[in-house]
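Enquirer: Next comes the sequence, and after it the predicted model I'd like to discuss.
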Amino acid sequence: MNRIPLDIAFCNYDRVQPLVSGSVRIDGVDATFHTERIVTEIFKGMIAERKYDVSELGMTYLLRVIDRPDPEFVGIPVFPNRAFRHSAIYVNNASGIRRPEDLAGKRIGELALYGHDAGVMPKGILSDDFGFKPEIARWLVGGIDFPMEPVKYVPQRHPGNVQVQWADTEADLGRMLEEGELDALISADVPKCVLEGSEKVSRLFPDYVKVEQEYYARTGIFPIMHTVAVRRELAGSRPDLVKALYFALCKAKETTMEGLVQGMTFNNMSLMIPWTTNLLQEIRNALGHDWWPYGMRANREAIDAILRYHFEQGITSRRFSAEEVFVPYLMDT
C-alpha cells in the first residue's frame, strides 16, 4: 500500500518524540517532521508560507484564520501545549498592584499579540473571577528579551474601546516592566528579570501553583494553548489519514506518559530534576492518571472557555462552536 507523504511540524515536545523517532507510526503516512527555533516560526510556516500539511498552531492563531472567509485549516482535538496561566501575570512592585482589581487603569504589556494564547486565558479568568475587563487598562504589545517582528500573518483584532499600542521591534517588555515603564505584563515566556530574581518584579499570584490547582478543582479546566491544524482539503478528502494522525498522536503522548510513570519505580533517575517522582504523583492526584488528555470529551469545558474568551475579548467576530473549529469525524473522541 502506498503511503502518502505529509510534512508535519511541532516543537520538540516529549509527547511527540515517539512519532519523530519512528517508534509510533501514522498508518498510511510517510511523515517528514519539522521544527523551528521558536514555536511561532512554526505557526508562520504553516499560515504564511504554506510549508506544512499538518502543524501545531496556537489556538488563537487557528481561530483568527478560521474567522476569515474560506479558512484553509481545521483542527483536530490534540493539544500539545497547555498551561495554567495565573502564573503568566507579572507586576512591577512599585505599581501598587496587589490584587487583580488593582490592574484597572494600569499600563500592561503583552507578548507578541494582543490576545496571544497565554494572554487570552488570563484575561478571561480575570474577567470571570475578579470582574477585570481589558478596556479598563492600556496595552502595549511587543517582545521580551530578544527582538520580535510583528505578527502580521494573522488578523490583529481588538475592540475599539480597548487601547492597544504596538512596541518597536527592539522593545523588551520585561525590561520595561522592571524599570517601571509598564505596571504589569502578561506573557507566555518568563521575562529575564523574573528568572534572575529581580526584587522590582513579582507575580500577581505569588502562590500560583496553589491558585491554579484550586482553579482546576473548581472548573475542571486545564487551559489549552495550542492544538494541531490540518489543511481543510486534506481533512475533507482523506479522513482516514487524519484519523490515523489523531490516533498516532494519542499513542505518542501515551507512550511518553507511560515512560514517566514507569520511571517512578526508579525515582525517574533519567531526569536530573530532584523530586520528579513526588511531583508526578502530585500531578496524578490533582489531574488524574491521564493528566494531559486529548480528544473532545475530556476537553470540552476548556475548549468552550477559550472560544468564549476569544469572542468576549473581541478577537473573533463571533463566538465559534467547537463543531466549527474541529473536524466533525473526531467530535466523539
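Expert: It's in.
Enquirer: In contact with the residue nearest to P100 when sequence neighbours are not counted, which residues?
Expert: Closest residue in space to P100, ignoring its immediate chain neighbours: F130 at 3.9 Å, by CB to CB, 6 or more residues apart in numbering. No exception for glycine: its C-beta is placed from N, CA and C like everyone else's. The contact partners of F130, by CB atoms under 8 Å, 6 or more residues apart in numbering, come to 99-101.
Enquirer: Got a quick PyMOL command for the buried subset of those residues?
Expert: Buried residues within those, as defined by 16 or more other CB atoms under 10 Å, are selected in PyMOL through the command that follows:
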select buried, resi 100
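Enquirer: Check the gap between A48 and F73 for me.
Expert: Distance, A48 to F73, using CB to CB, to the nearest Å: 12 Å.
Enquirer: quick one, which of those two is more surrounded?
Expert: The neighbour count for A48 versus F73, taken as other CB atoms under 10 Å, is higher for F73 (22 against 12).
Enquirer: Thought D53 was touching the more buried one, still the case?
Expert: No: under the criterion of CB atoms under 8 Å, F73 lies out of contact with D53, with a separation of 10.3 Å.
Enquirer: Quick check: neighbours shared by those two?
Expert: Shared contacts of F73 and D53 (CB under 8 Å, 6+ apart): 230-231.
Enquirer: List of residues touching the helix or strand containing V211?
Expert: Secondary structure here is read from DSSP states H and E; on that basis V211 sits in helix 208-219. Counting by CB under 8 Å, 6+ apart, helix 208-219 makes contact with 84, 86-87, 125, 205, 221-222, 286-287, 301, 305, all of which sit outside it.
Enquirer: what is the mean pLDDT for that helix?
Expert: Mean pLDDT, computed over helix 208-219, is 98.
Enquirer: Using CSV, write down the CA coordinates of it.
Expert: Extracted in CSV, the C-alpha atoms of helix 208-219 (Å, rounded to 0.1, in the frame of the first residue of the first chain):
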residue,chain,number,x,y,z
TYR,A,208,0.4,30.5,41.8
VAL,A,209,0.6,26.7,42.0
LYS,A,210,-2.0,26.6,44.8
VAL,A,211,-4.2,29.1,43.0
GLU,A,212,-4.0,27.2,39.7
GLN,A,213,-4.8,23.9,41.5
GLU,A,214,-7.8,25.5,43.1
TYR,A,215,-8.9,26.8,39.7
TYR,A,216,-8.7,23.3,38.2
ALA,A,217,-10.6,21.8,41.2
ARG,A,218,-13.3,24.4,40.8
THR,A,219,-13.7,24.5,37.0
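Enquirer: for it, the distance to its chain's centre please.
Expert: Chain-centre distance of helix 208-219: 18 Å, with CA atoms, centre = their mean, to the nearest Å.
Enquirer: With stretch 252-259 instead?
Expert: Per CA atoms, centre = their mean, the displacement of stretch 252-259 from the mean C-alpha position of its chain is 20 Å.
Enquirer: Give me the residues contacting that stretch.
Expert: Outside of stretch 252-259, the residues within contact range by CB under 8 Å, 6+ apart are 14-19, 23-24, 290-292, 294.
Enquirer: and the two most separated of the residues you listed?
Expert: Checked with CB to CB, these reach their widest spread between S23 and W291, with 21.6 Å between them.
Enquirer: now, which of the contacts of helix 208-219 sits nearest K192?
Expert: The shortest approach to K192 among those belongs to S87, at 16.2 Å (CB to CB).
Enquirer: list the buried ones in stretch 30-43?
Expert: When burial is assessed from 16+ other CB under 10 Å, stretch 30-43 yields the following buried residues: 31, 33-36, 39-40, 42-43.
Enquirer: which among the residues you listed gets closest to L279?
Expert: Nearest to L279 out of the buried residues of stretch 30-43 is V39 (CB to CB; 24.0 Å).
Enquirer: Tell me who's in contact with the closest one.
Expert: By CB under 8 Å, 6+ apart, the contact list for V39 reads 11, 56, 58, 81, 226.
Enquirer: go on, I224?
Expert: If you count contacts by CB under 8 Å, 6+ apart, I224 has them with 59, 79, 82, 299, 302-303, 306.
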